[in-house]
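**Student:** Just a sequence and a predicted model for now, questions to come.
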Amino acid sequence: MTHQDKKISRRFAMQCFAGASGSFVLGFNLPVQAASYLPQPKVFPDEINAFIEISTDNVVTIRVPHTEQGQGGMTSVCQLIAEELDVPWDNIRGVFADMNRQVNQDDDGDGKADKPFVSTFTAGSFLVRRQHPHLCAAGASARERLKQAAAEAWGVSRDTVTAKQGQLTSGSNAGSYGDFAAAAAAVTLAEEPKIKAYKDWWLLGKDVARMDVPEKVNGSAQYCIDVELDNMVYVAVKACPVPWGKLVSYDKTNAEGRPGVLGVVEFRATDGKRKVHHHQDAVAVVADSWYRAKTALDLITVKWDFLEWGDVSDASYEAEARRLWDVEGELSVDELGDARAVIAGADSSKVVDGEYSRPFETHARMEPINCTVWVQNDRVDIWSPMQNQATPIGVVADELGMSTKTLHTNSVFLGGSFGGNGGGNTAVTRQAAAISKQFGRPAKVIWSREEDIAHDKQRPSHYIRLKASLGANGLPEAYVSNAVWFPYKGAKKVGPANADATIKDMPYVIANRRHEKHDYDSHVPAATHRAPGVNANAFTSEQFVDQMALAGGWDPLEWRIEMTKNHKDSEPWQRVLKKMKDVCGFTTDLPKGTGMGVALAKDHGTFAGACATVSVSKRGNLFVDHISLVINAGYIINPRACIEQLNGAVHWETSHAITGGLQLKGGQFVNTNFDSYNLLRMKDSIPVDCHFANSEDQWWGGMGEPGGPPAPAAIANAIYFATGKRVTSTPILSHDLSWS
């Protein structure tokens, strides 16, 4: 395609924006080249509220302030609003909301942004769980304003007006929502309506196909990496392979003068600025294509200073963890008596112990880390795959030293996030802004897959030692643990994750418990990963549960049923466990080489159980034959979407646990592409069936993450029954699983 082919006419852009009533919206079918090149009006007089606009032909446009990263967020927001608005689903159109408006709109002139959207953040399985009250309220408010507008036009009381499926009626009076939308925009209600009760739902709770599927099937879906602008420059970057290392010198002779190369630049970290989106020392090549930029970059000889981190490795971290296991750590839980004394006084035959570990793990998003920024005299456009599309405005404004008023993000699909605020919340966004300003042209920065993995924000490595003693009934009477993890700068938390997540918060009632942790200072940037904390530690805690159950002569599933009976969350856990007993057919009586394993995990308010069936050949070849999930999320609004998310979570987490895992040597990660950071291939996909056991008791759990954490533990427990071998670390396939 030539540059001429890519040019966008104002007339074409106006056609794309027709019907948007002056608001900035990016519809799913709008090519990314046409996005946001028109002035942004400050007011939106024809909308009913910031979320909803209704056209005269009764089409409802819902502005979605959240990202669509494959989890169905666009569909969920539209469902929640459509439920209360009471409009046919076929009439709904979803578009991304304007983040410039979110950051800058000042309705009352006090100099502070009056944010039209309660939240623009999409993470932590919070979209439906946390945002449903105000999203439903937006639909309910619009419905009542439409009714009020009709009532005033007809001279009747609003109480006599019915709003149903896009139509308003009162006696012989009738009209569509579109007939009264303009009048409804001017209505102010004396009191906002309450949202519906669960029993009154007509749309929520039913299967609805995701709105983004057609575009993703036919290939028209647009991602940040698809951005193509006239006169664009392309940038390849190489940062110090040891995070936060120093650039000493580089020889660019072989790169300069190559076809298409426009320049070689360097980035320098700023003292004291060590957030994940800040610059690190790096060298970059700017060219007229990314291929030319990357091949030229490979010819540059660079000298780095790895500083004090040049000798750090997995081996050194493991040695440090083992040392710290014998050092009293920060106390997380200390319940009832002295658990250590109880264990010390127990008969050795009644003591169970275990040591488990997980390495650093990367996000490995399908879409490599990238960003495009176009700095013009009166406007800056940003395409950055962040989980909060308002965030790039602040990052770029800081980098360029300018106001946010003329900065605009262009929201498109994200090619995966899995935590950490998306690939755009890295130095890539600053790099693109700096290059565009320097060269006076749109700049697209793409990190190679090696750069993507090496400088992603990793899940910290964990090392955990556990010990328990059993009573006369074979159940544990005391339990102690010491967890060591290696987060950036020794952080006590990474998002909601901490060193002994799920262990200190176990669903099992044990009288004497003591849990300690160590937060060791690592130079590796860290961030949340899908189901943070629970993802790593459920592998440990739920295998140790099996160890305790088997040592005490208990069936692992019956042990879990017994040990959760008196927990504060007994009701939701018992629902999950009893459903598992009904549908999973769990048994420990299977031929050698075949095994079933169970595991539990609570994540983001959702109670989840997994039952895995595996086959292991005598030579140690592993086949995960099947996984059954049982989920209690309180309520669900779209069973089909829930099943899709649960399947995705299982495959993401098991992929990292079975074949993934970063290798740290000399302060840097050495397996930085998919030939060495192995993830499951399509041929390895696992059959997953999902069952719901929802409490429907005024609480909401998340759905995007909870299906993942129990799956690796269930697989590992199943491997034990198949082979007699306990897998105490990941990747699982690094172990010899052969048996005879």
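**Tutor:** Good, I have the coordinates. Quick caveat: nothing in here was measured; it's all calculated off a predicted structure.
**Student:** And the nearest residue to residue 584 once chain neighbours are set aside, how close does it get to residue 395?
**Tutor:** Sequence neighbours aside, residue 611 is the residue nearest to residue 584 in space, at 3.8 Å (criterion: C-beta to C-beta, 6 or more residues apart in numbering). Just so you know, the C-beta spots here come from the backbone N, C-alpha and C atoms, and that holds for glycine as well. According to C-beta to C-beta, to the nearest Å, residue 611 and residue 395 sit 44 Å apart.
**Student:** rewinding a little: for beta bridges, what are the partners of the residue nearest to residue 584?
**Tutor:** Residue 611 forms beta bridges with residue 598, residue 628, as assigned by DSSP bridges.
**Student:** cool, the one 5 residues further on as well?
**Tutor:** Taking DSSP bridges, one finds residue 622 as the beta-bridge partners of residue 616.
**Student:** residue contacts, it?
**Tutor:** Applying C-beta atoms under 8 Å, 6 or more residues apart in numbering, one finds that residue 616 lies in contact with 593, 594, 595, 622, 623, 719, 722, 723, 737, 739.
**Student:** what sits against the fourth one?
**Tutor:** Which is residue 622. Residue 622 makes contacts with 614, 615, 616, 658, 719, 732, 733, 737, as judged by C-beta under 8 Å, 6+ apart.
**Student:** repeat for the fifth one
**Tutor:** Applying C-beta under 8 Å, 6+ apart, one finds that residue 623 lies in contact with 614, 615, 616, 617.
**Student:** any idea how far it lies from residue 659?
**Tutor:** For residue 623 relative to residue 659 (C-beta to C-beta), the value is 13 Å.
**Student:** now do the second one
**Tutor:** Using C-beta to C-beta, we find residue 594 at a distance of 21 Å from residue 659.
**Student:** the more surrounded of the two?
**Tutor:** For residue 594 versus residue 659, neighbours defined as other C-beta atoms under 10 Å are more numerous around residue 659 (19 against 16).
**Student:** Number of residues surrounding the closest residue to that one other than its chain neighbours?
**Tutor:** Once flanking residues are discounted, residue 659 sits nearest to residue 678: 3.9 Å by C-beta to C-beta, 6+ apart. As a burial measure, residue 678 scores 16 neighbours (other C-beta under 10 Å).
**Student:** What score does residue 678 have for pLDDT?
**Tutor:** You'll see residue 678 listed with a pLDDT of 93.
**Student:** Make sure it is indeed in a strand.
**Tutor:** No: under DSSP: H, G, I helix; E, B strand; the rest coil, residue 678 sits outside any strand and is assigned coil.
**Student:** OK, contacts around it?
**Tutor:** Residue 678 is in contact with 659, 660, 731, counting by C-beta under 8 Å, 6+ apart.
**Student:** and the residues you listed, which of them are in strands?
**Tutor:** Using DSSP state E, no member of those falls in strands.
**Student:** Phi first, then psi, for residue 210.
**Tutor:** Main-chain dihedrals, residue 210, degrees, to the nearest 10: phi -70, psi 140.
**Student:** ok, and the most crowded of the contacts of residue 622?
**Tutor:** With neighbours taken as other C-beta under 10 Å, the top of those is residue 614, carrying 28 neighbours.
**Student:** Report the secondary structure element holding that residue.
**Tutor:** strand 606-616 (DSSP states H and E).
**Student:** Could you check how far that strand is from the centre of its chain?
**Tutor:** Counting by C-alpha atoms, centre = their mean, to the nearest Å, strand 606-616 is centred 22 Å from the centre of its parent chain.
**Student:** roughly how far apart are the residue nearest to residue 584 and residue 514?
**Tutor:** Computed as C-beta to C-beta, the residue 611 to residue 514 distance reads 31 Å.
**Student:** all helices for the stretch 151-300 of the chain, in order.
**Tutor:** Listed in chain order, the helices of the stretch 151-300 of the chain (DSSP state H, counting those that start in this stretch) span 177-184, 213-218, 290-297.
**Student:** contacts for the strand or helix carrying residue 381?
**Tutor:** For residue 381, the element it lies in under DSSP H and E is strand 380-383. With contacts defined as C-beta under 8 Å, 6+ apart, strand 380-383 is touched by 32, 35-37, 224, 227, 371-374, 392-393, 396, 400, 402, 406-410, 412, 429, 432-433, 442.
**Student:** rerun that using 7 Å as the cut-off
**Tutor:** Contacts of strand 380-383 with the rest of the structure, by C-beta atoms under 7 Å, 6 or more residues apart in numbering, involve 36, 224, 227, 371-374, 392-393, 396, 406-410, 412.
**Student:** just checking, which of the residues you listed belong to helices?
**Tutor:** Of the contacts of strand 380-383, the ones assigned to helices by DSSP state H are 392, 393, 396.
**Student:** gap between the residue nearest to residue 659 and residue 314?
**Tutor:** 16 Å.
**Student:** try residue 516
**Tutor:** 23 Å.
**Student:** Which of these two has more residues huddled nearby?
**Tutor:** Per other C-beta under 10 Å, whichever of residue 516 and residue 314 has more neighbours is residue 516, with 23 against 18.
**Student:** just checking, residue 518 is part of a strand?
**Tutor:** Yes: counting by three-state DSSP, residue 518 falls inside a strand.
**Student:** Please name the bridge partners of it.
**Tutor:** residue 484.
**Student:** circling back to that earlier point, give me the subset of the contacts of residue 616 that lies in helices.
**Tutor:** 719, 722, 723.
**Student:** how close does residue 567 sit to residue 551?
**Tutor:** 21 Å.
**Student:** scratch that, residue 736 is what I was asking about
**Tutor:** Look at residue 736 and residue 551: by C-beta to C-beta, they are 24 Å apart.
**Student:** And the helices in the stretch 551-700 of the chain?
**Tutor:** 556-563, 570-583, 639-658.
**Student:** and stretch 692-704, how far apart are its ends?
**Tutor:** Taking C-alpha to C-alpha, to the nearest Å as the measure, stretch 692-704 stretches 15 Å from start to finish.
**Student:** Residue 47 touches residue 53, doesn't it?
**Tutor:** Yes: counting by C-beta atoms under 7 Å, residue 47 does reach residue 53; the two are 4.7 Å apart.
**Student:** More neighbours: which of those two?
**Tutor:** Higher neighbour count among residue 47 and residue 53: residue 53, with 26 against 22, using other C-beta under 10 Å.
**Student:** Which strands and helices lie in contact with the host helix or strand of that one?
**Tutor:** Using DSSP H and E, residue 53 sits within strand 52-54. Contact here means 3 or more C-beta pairs under 7 Å, 6 or more residues apart in numbering; DSSP states H and E; on that basis strand 52-54 packs against strand 60-64, helix 177-184.
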